Each structure stands twice: as structure tokens, then as C-alpha cells.
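K.L.:
Following is a predicted model, sequence given first.
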Amino acid sequence: MKYLLVMLFVLIGCEPSDGPGYCYENDSMTLKHYKIDFSERTPGGILVDTTEQNIGLAKIDTLTDELESCLGISISRECFGVKIPSDWFVSECSGEELLPIPADPTLCIAKGLSESDIARCGCYWRVETQNHNIIVTMPNLKLYKAELARIVTGENNVWIVPQITACLQ
């Protein structure tokens, strides 16, 4: 009987209702709380809130499939969602799509931005995870695979693990 109850809780925990289940353990800190409205689903079943922007939903599936194949793991699509916020902008210094969430300037310096560019344009996040399992990413999905890898592997800095980094290209 205990076994059946445990299995029921496990199944309920990964079953999407109005949002994805919480199936992966990770150390994410929500930097900005976006309102989430999962009004769309990719052909592969991933919940998406496009904030009414024209996003190729199949590309999310393709990137997920690529990461899954490269890492050699099964990624549970019902255990995370994707939010494309509408308040992103393009940096005039880096040309990157950014979230309006300030980041530590040392992170931008490490990525090659000069101190004068940071003084002029600031330093901002390009991706984040909200509520442990919602990937908040830009329309170009440039860092989608990196954030998904962080969630599914539990490795907070995927860029220092060669086996994971190789899968993010």
C-alpha cells in the first residue's frame, strides 16, 4: 500500500495541469517573476508561453532533442516549461537579446564586454529559470539548451563541464 501511494505522488508530481511538473532538482534562483500563461504547446509536448510573439515552437523541440541525444539522457518534457517574455531588448553594445534583469558586471567582463561598454549599456541576464522549472529565454533561443542542461543535469555551471559544454553548440 505504501508503494502505491509513493508511486501515485511521483506520477502526480510530473503530470502537467496548468503548468509543468517539478521533476528535476536544481539550484535556481528566480531573478524576476514573470506572469506565466502556458497557452501553447510544442509538437513534442513542451508547455510554452510566447507572450503572443511569433516563435517557432518546433525549434524548441529540435533543440531539446539535440541536447537529449548528445547528453545520452531522457528529458521529461512534462517537467519544464518555456517562457518567452515580451520585455526583452537588444543591447547596442553586444547585439545580444537580453532580459531587463541586471547582472553582476564581472560576468559580462568574463564574456568579453569592456568596462566602458558595461558603463554605457549595463550588464544583463540572457536567460533565467523561474520557479525551478520554467526557462525564461529570448526569442532566438540562444541559451535555451544551456539552461535546460542546467535543469536536467543539476550542474549549476554547465560551461565548466566539457561533456555538457560539447552539447551546447
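P.N.:
Sure, I can see it. Numbers count the residues shown, from 1 in each chain.

K.L.:
could you list every residue that touches Gly56?
P.N.:
Neighbour list for Gly56: empty [criterion: C-beta atoms under 8 Å, 6 or more residues apart in numbering]. (C-beta placed from N, C-alpha, C; glycine too.)

K.L.:
Pass me the low-pLDDT residue ranges in this protein, would you?
P.N.:
Low-confidence segments of the chain, defined by pLDDT under 70: 1-22, 24-29.

K.L.:
okay, which residue is most central for it?
P.N.:
Ile135 (2.8 Å; C-alpha atoms, centre = their mean).

K.L.:
Okay, and it sits in which element?
P.N.:
strand 134-137 (DSSP states H and E).

K.L.:
partners of that strand in the sheet?
P.N.:
strand 81-83 (parallel), strand 127-130 (antiparallel) (DSSP bridges).

K.L.:
and these, which is most packed in?
P.N.:
Highest mean neighbour count among those (mean count of other C-beta atoms under 10 Å): strand 81-83, with a mean of 23.

K.L.:
Now Cys23: which helix or strand?
P.N.:
Applying DSSP H and E, one finds Cys23 in no helix or strand.

K.L.:
Test my guess that it contacts Cys79.
P.N.:
Yes - using C-beta atoms under 8 Å, Cys23 is in contact with Cys79, at 3.5 Å.

K.L.:
just checking, what packs against the helix or strand encompassing Ala119?
P.N.:
When secondary structure is defined by DSSP H and E, Ala119 falls within helix 115-121. In terms of contacts (3 or more C-beta pairs under 8 Å, 6 or more residues apart in numbering; DSSP states H and E), helix 115-121 is packed against helix 105-110.

K.L.:
wait, what's in contact with Ile118?
P.N.:
Neighbour list for Ile118: 93, 105, 108-109 [criterion: C-beta under 8 Å, 6+ apart].
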